[in-house]
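Novice: Kindly return the folded structure for what I paste below:
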Amino acid sequence: MSRLKELRKERGYTQVKMQMLTGIDQSDYSKIESGKRYYTFEQCKRIAQALNTSMDYLAGLTDEKKPYPKRK
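Specialist: As a prediction, the model looks like this:
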C-alpha cells in the first residue's frame with residue numbers, strides 16, 4: 001500500500017474527502033494514489049497539508065510522518 005493511501009486511511013478520509021480538501025479531482029487523485037499518474041509539486045503540497053505530513057514523507061525521503069514546523 002502506498003504511503004499516500006495508508007495516511008488517507010489512517011485519517012479516516014475517503015478519496016472524495018481528499019478531493020474536497022485538496023481541490024484535486026477524485027479520479028485524478030485515485031490515479032495518483034495507485035501510481036498511474038504523478039502529482040505536481042503544488043498537488044503534493046496540498047496533499048501533504050491535507051494529511052498533516054511532509055512532502056518528504058510522501059516522497060519516501062523520510063520515515064517521519066509529522067510535518068515540519070511552520071515558519072513564523
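
Novice: what's the residue positioned nearest the centre of the chain in contact with, if anything?
Specialist: The centroid of the chain falls nearest to I47 when counting by Cα atoms, centre = their mean (3.5 Å). Listed by Cβ atoms under 8 Å, 6 or more residues apart in numbering, the contact partners of I47 are 4, 18, 22, 24, 32, 39, 58. (Each C-beta comes from the backbone N, C-alpha and C, glycine too.)

Novice: Now find how far off-centre stretch 50-67 is within its chain.
Specialist: 8 Å (Cα atoms, centre = their mean, to the nearest Å).

Novice: got the contact list for that stretch?
Specialist: 3-4, 7-8, 11, 13, 18, 21-22, 44-45, 47-49, 68.

Novice: Narrow the residues you listed to those in helices?
Specialist: 3-4, 7-8, 11, 18, 21-22, 44-45, 47-49 (DSSP state H).

Novice: Of the residues you listed, grab the buried ones for ChimeraX.
Specialist: Per 16 or more other Cβ atoms under 10 Å, the buried members of those correspond to this ChimeraX selection:
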select :3,4,7,8,18,21,22,44,47,48
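
Novice: In JSON lines, list the ones in helices among the contacts of stretch 50-67 along with pLDDT and distance to T62.
Specialist: Formatted as JSON lines, those follow (pLDDT from 0 to 100; distance: Cβ to Cβ, whole Å):
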{"residue": "R3", "pLDDT": "91", "distance to T62": "11"}
{"residue": "L4", "pLDDT": "93", "distance to T62": "15"}
{"residue": "L7", "pLDDT": "96", "distance to T62": "13"}
{"residue": "R8", "pLDDT": "96", "distance to T62": "18"}
{"residue": "R11", "pLDDT": "96", "distance to T62": "19"}
{"residue": "M18", "pLDDT": "97", "distance to T62": "21"}
{"residue": "L21", "pLDDT": "97", "distance to T62": "22"}
{"residue": "T22", "pLDDT": "97", "distance to T62": "21"}
{"residue": "C44", "pLDDT": "95", "distance to T62": "14"}
{"residue": "K45", "pLDDT": "95", "distance to T62": "16"}
{"residue": "I47", "pLDDT": "96", "distance to T62": "16"}
{"residue": "A48", "pLDDT": "96", "distance to T62": "12"}
{"residue": "Q49", "pLDDT": "95", "distance to T62": "17"}
